[in-house]
Each structure stands twice: as C-alpha cells, then as structure tokens.
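Enquirer: Turn this into a structure:
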Amino acid sequence: MPVATDEFRTAARVQASRLGRIDLEPVLVPHPIQDQTRDEIRARADAVVEEVVARLLGRAPTSPCP
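Expert: Residues are numbered from 1 along each chain as shown. Predicted structure coming up:
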C-alpha cells in the first residue's frame, strides 16, 4: 500500500497504475514533511495508522483519504 504526502497523490496513483495495481489508493498525509519536527511527524503518522493497519488486514478504512 502506498503511503505518501498529499502532494504526491497523482504520482502514487500513476505508479500503481503502471505496476498494474489501479486498485491501490495511497494513504496520504499532509505535505510537506521535511520541515516538520519529530513530534509533528509522529502526529501525522498517528493520524493514519488505523487506516494503514485496516488496509493491511483487509478491512475497510474507517475514514476516507484527505
């Protein structure tokens, strides 16, 4: 499952399509991340961790991607 910042939504979809996996929707976090503190990055990860786990376990996501 792709995980990317929202800036790369289209790029993630194109890459998945080229790999024959148009069904793979990326889990997105806000862009940018390079200037964020460790705690800010952790908060962004915490915001999507349940969706990541749900997808890995084959469950429906609890909330839509931003």
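Enquirer: Output stretch 29-42 in PDB with nothing but the alpha carbons.
Expert: C-alpha atoms of stretch 29-42 as PDB (Å, rounded to 0.1, in the frame of the first residue of the first chain):
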ATOM      1  CA  VAL A  29      -0.500  12.700   4.900                       C
ATOM      2  CA  PRO A  30      -0.200  16.500   4.700                       C
ATOM      3  CA  HIS A  31       2.700  17.900   2.700                       C
ATOM      4  CA  PRO A  32       5.400  19.000   3.300                       C
ATOM      5  CA  ILE A  33       7.200  16.800   5.900                       C
ATOM      6  CA  GLN A  34      10.800  17.800   5.500                       C
ATOM      7  CA  ASP A  35      10.500  20.800   7.800                       C
ATOM      8  CA  GLN A  36       8.400  19.100  10.500                       C
ATOM      9  CA  THR A  37       9.700  18.200  13.900                       C
ATOM     10  CA  ARG A  38       9.800  14.600  15.100                       C
ATOM     11  CA  ASP A  39       6.600  15.200  17.100                       C
ATOM     12  CA  GLU A  40       4.800  16.700  14.200                       C
ATOM     13  CA  ILE A  41       5.800  13.700  12.000                       C
ATOM     14  CA  ARG A  42       4.600  11.400  14.700                       C
END
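Enquirer: Excluding its own residues, what touches it? List them.
Expert: Stretch 29-42 has contacts (C-beta atoms under 8 Å, 6 or more residues apart in numbering) with Val3, Ala4, Thr5, Asp6, Glu7, Phe8, Arg44, Ala45, Ala47, Val48, Pro66. All C-beta atoms are positioned from the backbone trio N, CA, C, and that covers glycine.
Enquirer: from those, which ones fall inside helices?
Expert: Of the contacts of stretch 29-42, the ones assigned to helices by DSSP state H are Arg44, Ala45, Ala47, Val48.
Enquirer: about what we covered before: buried subset of the contacts of stretch 29-42, written for PyMOL?
Expert: Provided next is the PyMOL selection string for whichever of the contacts of stretch 29-42 are buried by 16 or more other C-beta atoms under 10 Å:
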select buried, resi 4+5+8+48
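Enquirer: any chance of the contacts of stretch 29-42 in JSON lines, with pLDDT too?
Expert: Output for the contacts of stretch 29-42, formatted as JSON lines (pLDDT from 0 to 100):
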{"residue": "Val3", "pLDDT": "93"}
{"residue": "Ala4", "pLDDT": "94"}
{"residue": "Thr5", "pLDDT": "96"}
{"residue": "Asp6", "pLDDT": "96"}
{"residue": "Glu7", "pLDDT": "97"}
{"residue": "Phe8", "pLDDT": "96"}
{"residue": "Arg44", "pLDDT": "96"}
{"residue": "Ala45", "pLDDT": "95"}
{"residue": "Ala47", "pLDDT": "96"}
{"residue": "Val48", "pLDDT": "96"}
{"residue": "Pro66", "pLDDT": "49"}
